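Student: My questions concern the predicted model and sequence given below.
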Amino acid sequence: MSKICKVKLLDGSFTSQVSRHTIKDVDGHPLWSSVYLTTEPEACVETHRDFIRAGADIIQSSCYQANVDNLTKLGYSEQEALDLLHKSVQLMNSAKDKENQSHIETAASIGPYGTVLRDGSEYSGHYVDSMTEADLIAWHRPNVEALVRAGVDYLALETIPAEKEALALVKLLREFPGQKAWLSFSCKDDTHTSHGELISSAVTSCLLANPDQIQAIGVNCVRPSHVSTLVRCIKQSHPTVQTIVYPNKGGVWDSVHMK
């Protein structure tokens, strides 16, 4: 008898879908689609509603680049930055209420440190060579804490380019023992993280560091042609782990035009 697998459907590209509700172009903006949290929150709500109506089981907050560091550089106070992270969760809950779909699960986006460098380094992870694990934990802590306090089903630890940063995040997660999360790597080919570690090795290290809170491990923002082999690499080493995948459209990051 074949084993029945439970599949949960994530929402799609927030940035692509929100364009149906606004004419604002956010390419090149330091906050990317997170800017809509401040300028057009109703467009965020309507986008979440679109995904719920389309059948998504999990919707994700639009706060990938809305970390405290990015926001304070733009003139927000630290408290205002934390409030905005909380708001990203409130907007998801508002969409659920309007659709009368309380069973839909929510995930809060936690992007990598590379988002503050604005050089596409979430696709290289070069910065981890000059940072300690403690540095990375300290940088992520206020963002993680704010989103945990806001109340979500999952933290989406996503587009993580290097094993060192992934380990920092899963160890930080132990400070919030009731919080579930998934971990998703960016990868440069079909066997290695963007920084160059074997995906199988990175997954093993992270599961050893936090075997209880990580609900799924996978990849995102990778070439679609790499996804199947990357998933096989993960499953061969850890056949019981749940996997999560969301590829990009097959494009290449343009570091000159920032898109």
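Tutor: Here it is on my side, so go on.
Student: ok, so what distance separates the spatially most central residue of the chain from residue 133?
Tutor: With distances taken as CA atoms, centre = their mean, residue 158 lies nearest the centre of the chain, 3.2 Å away. With distances taken as CB to CB, to the nearest Å, residue 158 is found 19 Å from residue 133. (Each C-beta comes from the backbone N, C-alpha and C, glycine too.)
Student: Residue 121 too?
Tutor: 17 Å.
Student: and if you look at residue 184?
Tutor: With distances taken as CB to CB, residue 184 is found 19 Å from residue 133.
Student: Which of those two has more residues huddled nearby?
Tutor: When neighbours are counted by other CB atoms under 10 Å, residue 184 and residue 133 differ, and residue 184 comes out ahead with 23 against 15.
Student: I'd like to know which elements the strand or helix carrying the more buried one is packed against.
Tutor: Assigned by DSSP states H and E, residue 184 belongs to strand 180-185. Where contact means 3 or more CB pairs under 8 Å, 6 or more residues apart in numbering; DSSP states H and E, strand 180-185 is packed against strand 154-160, helix 163-173, helix 199-209, strand 214-220, strand 243-246.
Student: tilt between that strand and strand 154-160?
Tutor: Interaxial angle, strand 180-185 versus strand 154-160 (axes from the mean of the first three to the mean of the last three CA atoms, to 10 degrees): 10 degrees.
Student: what lines up beside strand 180-185 in the sheet?
Tutor: The strands beside strand 180-185 in its sheet (DSSP bridges) come out as strand 154-160 (parallel), strand 214-220 (parallel).
Student: Send over it as PDB, restricted to the C-alpha atoms.
Tutor: The C-alpha trace of strand 180-185 is given here as PDB (Å, rounded to 0.1, in the frame of the first residue of the first chain):
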ATOM      1  CA  LYS A 180       7.100  26.200  14.800                       C
ATOM      2  CA  ALA A 181       9.100  27.100  11.700                       C
ATOM      3  CA  TRP A 182      10.200  26.000   8.400                       C
ATOM      4  CA  LEU A 183      13.700  26.500   6.900                       C
ATOM      5  CA  SER A 184      14.300  27.200   3.300                       C
ATOM      6  CA  PHE A 185      17.600  27.600   1.600                       C
END
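Student: So what touches it?
Tutor: Residues outside strand 180-185 that contact it (CB atoms under 8 Å, 6 or more residues apart in numbering) are 107, 153-161, 166, 169-170, 173, 193-194, 199, 202, 206, 213-220, 244-246.
Student: now swap in stretch 135-144 and tell me
Tutor: Against stretch 135-144 from outside (CB under 8 Å, 6+ apart): 67-69, 78, 82, 85, 110, 113, 128, 155, 164-165, 168-169, 171-173, 175-176.
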